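Novice: Following is a predicted model, sequence given first.
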Amino acid sequence: MSALEVDVLIVGAGPVGLFGAYYAGVRGLRTAVVDSLSQVGGQVSAMYPEKQIFDIAGFPAVSGRRLIGNLVEQAAPYDPVYVLGQEAQRLDRVPRDEGPDLLVVKTSAGVEIAAGAVIVTGGIGTFTPRPLPAGEEFLGRGLEYFVPDSAGYAGKDVVVVGGGDSAVDWALMLHPVARTVTLVHRRAAFRAHHGSVEALKASPVEIITNAQVTATLGGERLEHIEVGAAEGTRALPCQRLVAALGFTANLGPLREWGLDLHDNRHLVVDSAMRTNVPGLFAAGDIADYEGKVRLIAVGFGEVATAVNNAAVHLDPAAQLFPGHSTDNPAPV
C-alpha cells in the first residue's frame, strides 16, 4: 500500500483512536488509523495489558487487553484501515475545487494518506520501544516487544526482560502456556504493581534480578541467551525473548505541522476539538484546553466531539449531532 484516500485519518491507535474509528463509521466516514507501534492499543497494550482499569463507564473493572479487544470489535463492522508500525511524519495541504482541502500525511514507510480531516489521538506522542542492546538482530525471529497473543509462545522457553507492569503482566500471562518462563530484571526492586509482583513470586516463573541479557544466540531463529550477573554468566534456552524495557514518547514530526502547543507537549484545541490548523482535530491525552482532565473516559467523549465536527467540516450541510446509536444500529 503506497497511497490511500479516506474521509478521516486518525493518528494514534490507542483506546481513543479506536473509539474514534467506530464513531467515524457511525457517521458513514471512510477511516484510516495510523500508529507507530506494530499493534493497536497504544500505551494500554504496551504498558499494562493485564491490569484492571476501573474508570471506564459501564465496566466495574476491565483489563487493558479486553478493553482494546472490545474497541477493535466495535469498530470492525465499519472496516477501518489500520496502518501500523509507521509514524505519521510529513503533513501537506492539497487544495480541491470542491470541499475542504485534502490533508496528506506521509508515513515513515512512504505511505501517503489523503483525508479531508485528520484527528490526532496520539496520547503522549510517538511511542517507541526501548531497544534491547543485545538482541536486535533477532527482532521478529524470537525477539519481540509486545505479546498480543499467547498462542505463539505455547511450549516455548520464554524469557521476559524488564521490571515494570508490562514485563510482569506478560510473564504471568505466558507461564500457563509456555514450557518455561524466566524474568530477568537489572534491579532487585520492581516498578510493577505490588500485587502483580507478589503474584509473580508465587508463580512458577523463575526470577533473576540484578542481571541483564548479555548475548542472544541462534541460527535462523533465536535459540538461547546469556544472562550476566555479579556471580557470573548463565546460559538459558530461549526461543521467545520479550523485551519490556519501557518506551520513549514525544511529539516527533507533529512539531513541524504548525500546531499551537501547550507546554511543548500537548495540542491546543477549542470546544469542538479543533486545532489552529483547519481540518485538523485532536482528542485524548494529547489535546489540551482549560480544565482538561486526562482520562480514557474523557478521551472517548472528546473523540466523538471531534468526529462529529470533522463530519461538518467535510460537509457543512451535515448535522453536527448524528442521532442516537439505537436509531442507527451497527451493520452486521
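Specialist: Alright, I've got the coordinates. Everything numeric in this text was worked out from a predicted model, so none of it was measured.
Novice: Quickly note the distance from residue 79 to residue 8.
Specialist: From residue 79 over to residue 8 the distance is 13 Å, taken as CB to CB, to the nearest Å. Every residue, glycine included, has its C-beta placed from N, CA and C.
Novice: hey, C-alpha coordinates of the helix or strand harbouring residue 299 in PDB?
Specialist: Under the criterion of DSSP states H and E, residue 299 resides in helix 296-314. Backbone C-alpha positions of helix 296-314 (Å, rounded to 0.1, in the frame of the first residue of the first chain) are rendered in PDB as follows:
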ATOM      1  CA  ILE A 296      -9.600   7.500  28.900                       C
ATOM      2  CA  ALA A 297     -13.300   8.100  29.600                       C
ATOM      3  CA  VAL A 298     -12.800  11.800  28.900                       C
ATOM      4  CA  GLY A 299     -11.000  11.000  25.600                       C
ATOM      5  CA  PHE A 300     -13.900   8.900  24.400                       C
ATOM      6  CA  GLY A 301     -16.200  11.900  24.600                       C
ATOM      7  CA  GLU A 302     -13.600  14.200  23.100                       C
ATOM      8  CA  VAL A 303     -13.100  12.000  20.000                       C
ATOM      9  CA  ALA A 304     -16.900  11.700  19.500                       C
ATOM     10  CA  THR A 305     -17.000  15.500  19.500                       C
ATOM     11  CA  ALA A 306     -14.000  15.700  17.100                       C
ATOM     12  CA  VAL A 307     -15.600  13.200  14.700                       C
ATOM     13  CA  ASN A 308     -18.900  15.000  14.600                       C
ATOM     14  CA  ASN A 309     -17.200  18.300  14.000                       C
ATOM     15  CA  ALA A 310     -15.000  16.700  11.400                       C
ATOM     16  CA  ALA A 311     -18.200  15.500   9.600                       C
ATOM     17  CA  VAL A 312     -19.400  19.100   9.400                       C
ATOM     18  CA  HIS A 313     -16.000  20.200   8.200                       C
ATOM     19  CA  LEU A 314     -16.200  17.700   5.400                       C
END
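Novice: So for residue 79 and residue 8, which residue has more residues nearby?
Specialist: Shown here are residue 79 and residue 8; by other CB atoms under 10 Å, residue 8 has more neighbours (30 against 11).
Novice: which element is the more buried one on?
Specialist: Secondary structure from DSSP H and E places residue 8 in strand 3-11.
Novice: quick check: mean pLDDT across that strand?
Specialist: Mean per-residue pLDDT for strand 3-11: 96.
Novice: What strands line up against that strand, and which way round?
Specialist: Neighbouring strands of strand 3-11 in its sheet, by DSSP bridges, are strand 31-35 (parallel), strand 112-120 (parallel).
Novice: Out of the ones you listed, which is the most enclosed?
Specialist: Comparing the strands paired with strand 3-11 by mean neighbour count (mean count of other CB atoms under 10 Å), strand 31-35 comes out on top with a mean of 27.
Novice: Tell me the first helix or strand C-terminal of it.
Specialist: Past strand 31-35, heading to the C-terminal end, the next element that is a helix or strand (DSSP H and E) is helix 42-47.
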